[in-house]
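>>> 3D model of this:
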Amino acid sequence: MTSQIALVSETPHVSLAELTIVANALQKQVTRDFSLLWTVTATVGAFQTVEDAPVGSWHVVIRDDIVSDAAGIHQLDASHQPFALVRWAAQWSLTASHEILEMLADPFGNRLMPGDSPKPDQGRVLFLVEVCDPCQSAAVAYTVNGVLVSDFCTPDYFAPSGTSGARYSFSGAVTEPRQVLPDGYLTWLYPATGHLWQLLMEDGNRRLTDVGPQPPANACLRVTSDRATAKLRSAAYARAPRSGLISRSEDGRGLREEAISKAASASSTRIAATLRQQIQRTNRSG
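The predicted structure is shown next:
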C-alpha cells in the first residue's frame, strides 16, 4: 500500500513555494533512494493547511515550537495514525527527511529486530528500527535537487553479522551492522529487564544509557527514544550547512508563494482539529 505524506507549514518562515520544492526533493529521495531498499512506497506532497491534505494522510508539520528541545518528533495521533512535528530552523529539510523515512520504515514506532547488544553482558536484545538515528549527522547528509536530506541505514544494518559487499547506509558512511556514527545513536529493548537502552556517540565519546522502563503495551517506543536524545539530535543538526537547504532571499522571507485555494472537506477539517489538539497535548506533556 502506498502511504501519503502531507507536508504542511505552520510557520511564516516557510512559504508554500518553498514547501513544494522540499516536498518534490523528498518525493525523489523516497522513490529513487529509499523505496527499493526498504520495499515501501509513498507520495510526498505540500499542502497549505492540514485541512487541505487528503483524508488518511500522514502529516508532517513544520512549526516554530515543538516539544522540549527536539528538532523533530514522530508520534501517533488519536486515530493511531503516524504524524511528525518538525521545528523550523535552517536545516528543517534534513529533519523532515529524517522523520519521513523513519515513519515509512516504522510507522508505529514499535518495530523491533533481534541482535547482539552493544553492551556485552546483555546478550541478545531487540533493536528499535529507526533508520536515520545512527547516521543522523549533517556531516553525512546529502542533497537531492539542492535540498539537504538525511542519510539512512539499510536493512543490512540490522543483520546479525556483516557480509561482504553489503551496504549499511545509503551514503556508505556506515560500514558495519549497528555502527553508530558521531552525533548518532541506537536504541534497543533489553528483554530481561524491560528497559530501553541507548548507545550514543556524543562529542567523540561512546556512551551507554539506561533510558528506563519501556512504555505500556501498544505505546510508541519511538516517543521514549526521541525524548531521551532531543538535545543530541538538535546539536547534530545545528552543524548542517545553511547553503544545503535551498536558496533563500537575502531578507529571509523565503521564495515567492503562489496563491493556492482549496476547499477543505468536513472530514479533513475534523481530522485537522483532532491533530492540532494532539499537537497541543504533545507540547504540554513535554
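>>> within the helices and strands, which one has the residue most central in space within the chain?
The residue lying closest to the centre of the chain (C-alpha atoms, centre = their mean) is residue 99, at 1.7 Å. Assigned by DSSP states H and E, residue 99 falls within helix 92-105.
>>> quick check: next helix or strand after that helix?
Once the chain leaves helix 92-105, the next helix or strand it forms, by DSSP H and E, is strand 112-116.
>>> tell me which residues of that following strand are tucked away?
Under the neighbour-count criterion of 16 or more other C-beta atoms under 10 Å, strand 112-116 has 112, 115 buried. C-betas here are computed from N, CA, C, even on glycine.
>>> show the average pLDDT along that strand.
The average pLDDT within strand 112-116 is 95.
>>> show residues contacting that strand.
With contact meaning C-beta atoms under 8 Å, 6 or more residues apart in numbering, strand 112-116 is reached by 123-129, 158-160, 177-178, 188-189, 221.
>>> out of these, list just those in helices.
residue 221 (DSSP state H).
>>> just the buried subset of the contacts of strand 112-116, please.
Buried among the contacts of strand 112-116 by 16+ other C-beta under 10 Å: 125, 126, 127, 128, 129, 158, 159, 177, 178, 188, 189, 221.
>>> from those residues, which shows the smallest pLDDT?
Among the buried ones among the contacts of strand 112-116, residue 221 carries the lowest pLDDT, at 83.
>>> does that residue touch residue 214 like I think?
Yes. Counting by C-beta atoms under 8 Å, residue 221 does reach residue 214; the two are 6.4 Å apart.
>>> got any residues that touch both of the two?
Common contact partners of residue 221 and residue 214 (C-beta under 8 Å, 6+ apart): 189, 196.
>>> ok so, going back, which residues are in contact with the residue nearest to the centre of the chain?
Residue 99 neighbours (C-beta under 8 Å, 6+ apart): 60, 72, 73, 74, 84, 86.
>>> if we go to 7 Å?
60, 72, 74, 84, 86 (C-beta atoms under 7 Å, 6 or more residues apart in numbering).
>>> can you select the buried ones from those residues in ChimeraX?
With 16+ other C-beta under 10 Å as the criterion, this ChimeraX line picks the buried residues out of the contacts of residue 99:
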select :60,72,74,84,86
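>>> tell me the contacts of residue 76?
Residues near residue 76 by C-beta under 7 Å, 6+ apart: 82, 108, 220.
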